[in-house]
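[1] Output the structure for:
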Amino acid sequence: MESVIAAISLGLLGSFHCVGMCGPLALALPIHHKSTSFKIISVLAYNIGRALTYFLLGVFFGLIGQGFAIFGLQQILSITLGSLILLSIILPKLFHLNFLNNPGWQSLVSKLKMAMSGFITNANASSFLGIGLLNGLLPCGLVYMAITGAIATGSILNGGLFMAFFGLGTIPAMFSMMWFGQLISIRFRSGIRKAFPYMISLIAIMMILRGLNLGIPYVSPKTGSDKTGVSCHEQKECCHK
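    Okay, the predicted model is just below:
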């Protein structure tokens, strides 16, 4: 449950970052002079496409996290990822993503944008779904942050669900941007962006606490006991009886 709350919170508060980055694309979609029913279907299709891509990314990275969990390294992984996120907030220059300037990466991003442009010319629900699917693959620091949460779940399904709920959390702001245009003021978005690092830091601290295995319910649950809740020592005593 705590991972679902964290994913939705990350999506809700981080979605104003999405509005700043993806807002021009959302405003460029040809829906503003269409009927109300067309706008609703198109906006939903676009956002469902994004959420579906996020879910698939979560499944992939959840598989990586599950590999760590199988070898008993999930706690170490959670602490490491949480620490790296905190460092990225405190010392952002150390985590500058130089690979984004790689010509091969830029070529891939250009191809994605060209494919999205092709979908834009076809104003129907399926084209908006395609735009959303591709948009979920565009470089985004917020998505990378969500991916660390998917890895930390240590599960294919939970990783997928984490990213899906993250995607759902971004929908209200993106829906509003596509529907109402510039109704969300720049000042309001700026205020949310200033609060965003604090929320990310809180999620990072939660990941670290979870890895520390402190026995705090929901925050840092104790692991390593039997599924029935009976410790190994208690099982041995029962066997002797």
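[2] need the strands for this structure, in chain order.
    With DSSP state E as the criterion, the chain has no strands.
[3] Quick check: closest non-adjacent residue to the most centrally placed residue in the chain.
    In the chain, the centroid-proximal residue (CA atoms, centre = their mean) is residue 146; its distance is 3.1 Å. Excluding the flanking residues, the one nearest residue 146 by CB to CB, 6 or more residues apart in numbering is residue 166, at 4.4 Å. Where C-beta positions appear, they are placed from N, C-alpha and C, glycine not excepted.
[4] who touches the one you found in this structure?
    Counting by CB atoms under 8 Å, 6 or more residues apart in numbering, residue 166 touches 7, 8, 10, 11, 54, 58, 146, 149.
[5] next one: the lengthiest helix in the chain to chain centre, how far?
    With secondary structure taken from DSSP state H, the chain has its longest helix at helix 36-70. Its chain's average C-alpha position is 9 Å from that of helix 36-70, according to CA atoms, centre = their mean, to the nearest Å.
[6] One more: stretch 79-91?
    Distance of stretch 79-91 from its chain centroid, counting by CA atoms, centre = their mean, is 16 Å.
[7] so the residue nearest to the centre of the chain touches residue 161, yeah?
    No. The criterion here is CB atoms under 8 Å, and residue 146 misses it with residue 161 at 11.8 Å.
[8] anything in contact with each of those two?
    Common contacts of residue 146 and residue 161 (CB under 8 Å, 6+ apart): 7, 58.
[9] and the nearest residue to residue 221 once chain neighbours are set aside, how many residues sit next to it?
    Nearest non-adjacent residue to residue 221, counting by CB to CB, 6+ apart: residue 215, 7.1 Å away. Around residue 215 sit 10 other residues, with neighbours defined as other CB atoms under 10 Å.
[10] try residue 114
    When neighbours are counted by other CB under 10 Å, residue 114 registers 10.
[11] Residue 106 now?
    By other CB under 10 Å, the residues close to residue 106 number 12.
[12] Quick check: the gap between it and residue 113.
    According to CB to CB, to the nearest Å, residue 106 and residue 113 sit 10 Å apart.
[13] tell me the helices in this structure, going along the chain?
    Using DSSP H, helices in the chain cover 2-28, 36-70, 74-90, 103-120, 125-135, 141-152, 156-180, 186-212, 232-240.
[14] between these, which gets the lowest average pLDDT?
    Of all the helices of the chain, mean pLDDT reaches its minimum on helix 232-240 (a mean of 45).
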